[in-house]
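Enquirer: Kindly generate the corresponding structure for this input.
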Amino acid sequence: MKTNLQEDSILNENKDIEVVHNTIKNDFAFTLKSIFFNEDYIPSNSTRTTTNFANLARGASRQENVRNTITMINHRFNTLANWDNPNNDRYSVELEIVSVAIDIDGSGKTFPTIEVLKTHIIDHKTGQRIEGIVGNNFSSYVRDYDFSVLLLEHNKGKDDYSIPDNFGELHGKIFKHFVNSKTYKENFIKPPVICLSVSHNKTYTRTTNHHPILGFEYEVNDSSLTEQYFKKMGLQVRYFMPPNSVAPLTFYFFGDLLADYTNLELISTISTMETFQKIYRPEIYNANAVAGACFNPSLQNQDHSLTKIVYDREERTRLGIEQGKFTEEHFIKPNKNVLEQWSANFTL
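Expert: Here you go, the predicted model:
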């Protein structure tokens, strides 16, 4: 858990960043800052420790972890972008970590709200630096609160599992407000695409729809709680298994995933997020057998290979609860009335 000194740093470290305010009265304002994911990367105090890139960049092996991860991403990218690329080394990917903080009262005091990755594609043949997709990974303290505090407390001591009323409403509205904000539009060209693992307790069925980059599309038998949560963020969902992958990925997006993004943009997301999933979900994404026409992902699958990068899954669960409680103490409870009023009156 963060120390008191770290907590003060988290809540105030964005004070020196220019705040972009919308003209709507009592509207929330956002600040952005970014840092690149490379061997020199050290997670900031406001970054969730359980976030993929931050979790890798800790401990004695942090530089080796990051180096191996970037190598895996670049190799996967060149395998997919194989046209005019005879040596599989034409491209490399740079990852920019974008941190979003929110100021709800204009005081300049902010709380870390959202953290995403933005991809940049380096074409070593032409010397171009091509902007990729923003989103990819999705990190949120408020989501930690919803899933690791609110949901657990709601079901504590109950025989029948249920979802709290308005579950995910505040988080969804904050996300939609950010994506539609002047701040977002001034910094990013296209809407975000978030790419996550498939659910390990659902059944996925392969369809005949095939995309040259995204691969075969899959359909799911039933919507997961995570998918319902992301729907409240305004996001649609589709599932595709890219060429030479062993399991489908979940894509959350606005608009038209297949038409709105170039092949290289889509490849940057696939190569980045499939790499992270191979590290964190090897039972599914580094399995030794390819998903069939009917696929049931399982975290108990023993027939898989491990990367050289190891992480502690139990620690991630524990830290998720701590991060949720931190959010409750420093954001949800102190601003309860303001947040409820804003959420009730929210319109795009």
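Enquirer: show me where this protein has strands.
Expert: 29-36, 91-103, 111-123, 128-140, 193-196, 204-211, 215-220, 236-241, 249-253, 294-295 (DSSP state E).
Enquirer: looking at the ones you listed, which is closest to E153?
Expert: E153 lies closest, by CB to CB, to one member of these: strand 128-140, at 18.5 Å. C-beta: built from backbone N, CA, C; applies to glycine.
Enquirer: partners of the closest one in the sheet?
Expert: strand 111-123 (antiparallel), strand 193-196 (parallel) (DSSP bridges).
Enquirer: Can you pull up the most central residue in this structure?
Expert: Nearest to the geometric centre of the chain sits F138, at 1.8 Å (CA atoms, centre = their mean).
Enquirer: Let me see the contact set for it.
Expert: Contacts of F138 were listed using CB atoms under 8 Å, 6 or more residues apart in numbering, and they are I114, E115, V116, I194, L196, Y252.
Enquirer: if we go to 10 Å?
Expert: 51-52, 114-117, 175, 192, 194-196, 230, 233, 235, 252 (CB atoms under 10 Å, 6 or more residues apart in numbering).
Enquirer: And for R90?
Expert: R90 touches F77, N78, A81, N82, W83, D84, I122, D123, H124, K125, T126, counting by CB under 10 Å, 6+ apart.
Enquirer: Most neighbours of all these, which one?
Expert: F77 (26 neighbours; other CB atoms under 10 Å).
Enquirer: hang on, isn't that one packed against T275?
Expert: Yes: if you go by CB atoms under 10 Å, F77 and T275 touch, sitting 9.4 Å apart.
Enquirer: what touches both of these two?
Expert: Shared contacts of F77 and T275 (CB under 10 Å, 6+ apart): V93.
Enquirer: Just the pLDDT at T47, thanks.
Expert: Note on T47: pLDDT of 60.
Enquirer: re the thing from before, for D146, find the nearest of the strands paired with strand 128-140.
Expert: Of all the strands paired with strand 128-140, strand 111-123 comes closest under CB to CB, at 13.1 Å.
Enquirer: can you redo the strands of the chain as JSON lines with mean pLDDT?
Expert: Output for those, formatted as JSON lines (pLDDT from 0 to 100):
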{"stretch": "strand 29-36", "mean pLDDT": "92"}
{"stretch": "strand 91-103", "mean pLDDT": "95"}
{"stretch": "strand 111-123", "mean pLDDT": "95"}
{"stretch": "strand 128-140", "mean pLDDT": "95"}
{"stretch": "strand 193-196", "mean pLDDT": "97"}
{"stretch": "strand 204-211", "mean pLDDT": "98"}
{"stretch": "strand 215-220", "mean pLDDT": "97"}
{"stretch": "strand 236-241", "mean pLDDT": "98"}
{"stretch": "strand 249-253", "mean pLDDT": "98"}
{"stretch": "strand 294-295", "mean pLDDT": "97"}
